[in-house]
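**Q** predicted coordinates and the sequence they were generated for:
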Amino acid sequence: QSALTQPRSVSGFPGQSVTISCTGTSSDVGTHNWVSWYQQHPGKAPTLMIYDVNKRPSGVPDRFSGSKSGNTASLTISGLQTEDEADYYCCSYAGSYGWVFGGGTQLTVL
Amino acid sequence: QLKQSGPGLLKPSETLSLTCAISGDSVSNYNAGWNWIRQSPSRGLEFLGRTYYRSKWYNEYALSVESRITINPDTSKNQVSLQLKSVTPEDTAVYYCARDLGFHDFWGQGTLVTVSS
């Protein structure tokens, strides 16, 4: 039950697109479509941005999108805005041991 | 809404006890799981365990804490509790309760728990 692998940091200029990867195994990301992404600003609880691989909760801008191929899920943020600067975490169901999170990616808007 | 309560300072070897009071939903919701998740600078977000009701109560615990953790629902108070035994400084973290419907859509406010002698 190891943490999912995310890049430690990514960056982009306003208006650009960035993609954050999340690599797991055939026991979690590769098997389950319960893959979700969370945004977290300093001192706050995480906020759901994407669920079921590619669905957006109401209120989340359509600039945020998700996908999955094999054991790797991805979060793409297009048209970067300064308020997107935050930490992002992926999460996948891992069977009888529950959920597993990624190590987190710090997004910097340059 | 999820409202957490419990002490924030413990000594090594003590038992961590936190409660998560649920409003606007039922701990017995057939579609929900009630999770405890912690976050520290060194370990990021870490799932600890969850309880859920599907005709009977089930628990799922992370391997890393399986021998020390208990999560219990309390239907009379509509809340869920976390107990983590024999804490060490490594257990210092912000602890969150969260509801899952296959994704974690509601989170508690977080409780900073510090383990120090």
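**A** All right, it came through fine. What you see is a predicted model, and the numbers here were worked out from it, not measured in a lab. Numbering: from 1, shown residues only, chains lettered A, B, ... in the order given.
**Q** count the neighbours of residue 107 for me.
**A** In the absence of a named chain, this looks at chain A. By other CB atoms under 10 Å in any protein chain shown, 19 other residues sit near residue A:107. Just so you know, the C-beta spots here come from the backbone N, C-alpha and C atoms, and that holds for glycine as well.
**Q** right idea, wrong chain: chain B
**A** Number of residues near residue B:107 (other CB under 10 Å) recorded here: 21.
**Q** let me know the pLDDT of the residue lying closest to it once chain neighbours are set aside.
**A** Leaving out its chain neighbours, the residue that sits closest to residue B:107 by CB to CB, 6 or more residues apart in numbering or on different chains is residue A:45, at 4.0 Å. Note for residue A:45: predicted pLDDT of 94.
**Q** next one: residue A:2
**A** pLDDT for residue A:2: 80.
**Q** residue ranges with poor pLDDT in chain A?
**A** Within chain A, the ranges that satisfy pLDDT under 70 run A:1.
**Q** name the residues of it found near chain B, please.
**A** Residues of chain A lying close to chain B by CB under 8 Å from any CB of the partner chain are A:1, A:3, A:34, A:36, A:38, A:45-46, A:48, A:51-52, A:57, A:89, A:91, A:93, A:96-104.
**Q** related to what we said a few turns ago, host element of the residue nearest to residue B:107?
**A** For residue A:45, there is no enclosing helix or strand under DSSP states H and E.
**Q** my guess is it contacts residue B:106. True?
**A** No. Assessed by CB atoms under 8 Å, residue A:45 is found out of contact with residue B:106, at 9.3 Å.
**Q** can you give me the strands in chain B?
**A** Ranges of strands in chain B, per DSSP state E, are B:2-5, B:9-10, B:16-22, B:33-40, B:44-53, B:57-61, B:69-74, B:79-84, B:93-100, B:104-107, B:111-115.
**Q** tell me the mean pLDDT over the second one?
**A** Here strand B:9-10 scores 96 as its mean pLDDT.
**Q** who does it pair up with?
**A** strand B:111-115 (parallel) (DSSP bridges).
**Q** got the contact list for the strand it pairs with?
**A** Among residues not part of strand B:111-115, those counted as contacts by CB atoms under 8 Å, 6 or more residues apart in numbering or on different chains are B:4-12, B:14, B:16, B:18, B:87-96.
**Q** now which of these would you call buried?
**A** Neighbour-count burial (16 or more other CB atoms under 10 Å in any protein chain shown) applied to the contacts of strand B:111-115 gives B:4, B:10, B:16, B:18, B:87, B:91, B:92, B:93, B:94, B:95, B:96.
**Q** for residue A:22, pull up the helix or strand it's in.
**A** Using DSSP H and E, the element containing residue A:22 is strand A:18-23.
**Q** buried residues, that strand. List them.
**A** In terms of neighbour count (16+ other CB under 10 Å), strand A:18-23 has its buried residues at A:18, A:20, A:21, A:22, A:23.
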